[in-house]
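[1] Quick one: sequence and predicted model below, then my questions.
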Amino acid sequence: MDRGRLVDFERADVISPMIYPPQPRLVVQGVLPTPGTTVTLQPLMYVSQPRYWGIQVVGTAGGVERPAAPGTQPLPYSAELDLAGVTGTEGVEVIGACGTERLVVSSTAPAQEG
């Protein structure tokens with residue numbers, strides 16, 4: 001079984017739908033390395049909570065891996081991950097084939113008046 005390999009990404013964002021309590025999600029976008037590749041976001045395992053929780057961008061080939069035919073448009077991908085339980089004390093670090101990007105994840109709830 002193909003366990004996948006790191007793939008590159010072009011953009012990574014943490015979004016928080018306007019709901020309470022906040023439920024941040026990581027959204028990563030890029031271009032598929034080969035047609036038929038499935039991209040997933042896989043959090044690393046830690047013994048204790050790190051400052052930035054590593055999340056790998058992993059591509060798994062769906063069948064025979066072939067490069068795109070000449071003249072075809074690159075196929076974009078978008079992958080999402082609920083960050084509940086996989087956020088460091090400061091945020092997340094997205095890990096791709098050609099680099100990493102650290103994103104701060106706010107865990108602050110709206111201030112209550114009292």
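    Sure, I can see it. What you are looking at is a predicted structure, and each value in this text was computed from that prediction instead of being measured.

[2] The helix or strand hosting residue 94: how far from the chain's middle?
    Residue 94 is located in strand 91-96, with elements delineated by DSSP states H and E. The chain centroid and the centroid of strand 91-96 are separated by 7 Å, computed with CA atoms, centre = their mean, to the nearest Å.

[3] Just the residues contacting whichever helix or strand comes after that strand, thanks.
    Once the chain leaves strand 91-96, the next helix or strand it forms, by DSSP H and E, is strand 99-104. Strand 99-104 is contacted from outside by 8-9, 12-14, 26, 52, 90-94, using CB atoms under 8 Å, 6 or more residues apart in numbering. (Glycine included, C-beta is placed from N, CA and C.)

[4] Extract the CA atoms of strand 99-104 and return them as PDB.
    This file holds the C-alpha atoms of strand 99-104, laid out as PDB (Å, rounded to 0.1, in the frame of the first residue of the first chain):
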ATOM      1  CA  GLY A  99       9.200  24.000   2.600                       C
ATOM      2  CA  THR A 100       7.200  24.800   5.700                       C
ATOM      3  CA  GLU A 101       5.000  27.600   6.800                       C
ATOM      4  CA  ARG A 102       4.000  28.500  10.400                       C
ATOM      5  CA  LEU A 103       0.600  29.800  11.100                       C
ATOM      6  CA  VAL A 104      -0.600  31.300  14.300                       C
END
